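S.K.: Got a predicted model here, sequence first, then my questions.
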Amino acid sequence: MATSKIALKQVYVPPTYAEGQVPTVGASGLLAYQDIVKIARWVKNIDLKTVAQTTLFQVPAERRFIPVRFMVVIDNCSAVTVMPTVQFGVVGTVDRYLAPEALNAAMNARNKVFSWEIIGDAVDAEESSDIIQFGVTVGSTATTHLATALVEGWLTDSVAIPIPP
């Protein structure tokens, strides 16, 4: 499993403010910033001929993961006659983000990319289904059919944590 990261900042509002209150210019009290990390996790050389689930990412403790994109990149293929059907989800709800979908045979060549933008639920580390997975529900018929599955999203604190002054 591999990882790529970038970091952004979000405003941290001290707990003295009411929920939903936005601090105004000149407001007293500590305003700090905490990281929002954009990450991509992937697993290479998944056999698309085999029906199985593959773990892409487990949300760390006290974190929330907001998936925004899933991708499949063809690593190697030969003599493909039937394309595989794939899905993305979490343990317990394996199609939470992408219901089983057959890959397009016209895109079947090394380095071709299948991509899905996601608007859906975040995954909290406190949930029992905190593991993001890629699944093959119908295996391809091929001599060789390998791919990289990738999830991209934002990793935030599940609860705002004050940064000391």
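M.R.: Yep, that arrived.
S.K.: what's the spacing between the residue lying closest to residue 150 once chain neighbours are set aside and residue 71?
M.R.: Using Cβ to Cβ, 6 or more residues apart in numbering and skipping the chain neighbours, the partner closest in space to residue 150 is residue 42 (3.9 Å). (C-beta placed from N, C-alpha, C; glycine too.) Computed as Cβ to Cβ, to the nearest Å, the residue 42 to residue 71 distance reads 8 Å.
S.K.: One more: residue 156?
M.R.: Counting by Cβ to Cβ - residue 156 and residue 71 are separated by 22 Å.
S.K.: Residue 50 - how many residues pack around it?
M.R.: 12 (other Cβ atoms under 10 Å).
S.K.: contacting residues for it?
M.R.: 136, 139 (Cβ atoms under 8 Å, 6 or more residues apart in numbering).
S.K.: Please identify which helix or strand holds it.
M.R.: Residue 50 is part of no helix or strand when elements are defined by DSSP states H and E.
S.K.: The one 4 residues further on too?
M.R.: Assignment of secondary structure by DSSP H and E places residue 54 within strand 52-58.
S.K.: which residues sit against that strand?
M.R.: Applying Cβ under 8 Å, 6+ apart, the contact partners of strand 52-58 are 1, 39, 41-43, 46, 65, 94, 130-136, 149-151.
S.K.: rerun that using 7 Å as the cut-off
M.R.: 41-43, 46, 65, 94, 130-136, 149, 151 (Cβ atoms under 7 Å, 6 or more residues apart in numbering).
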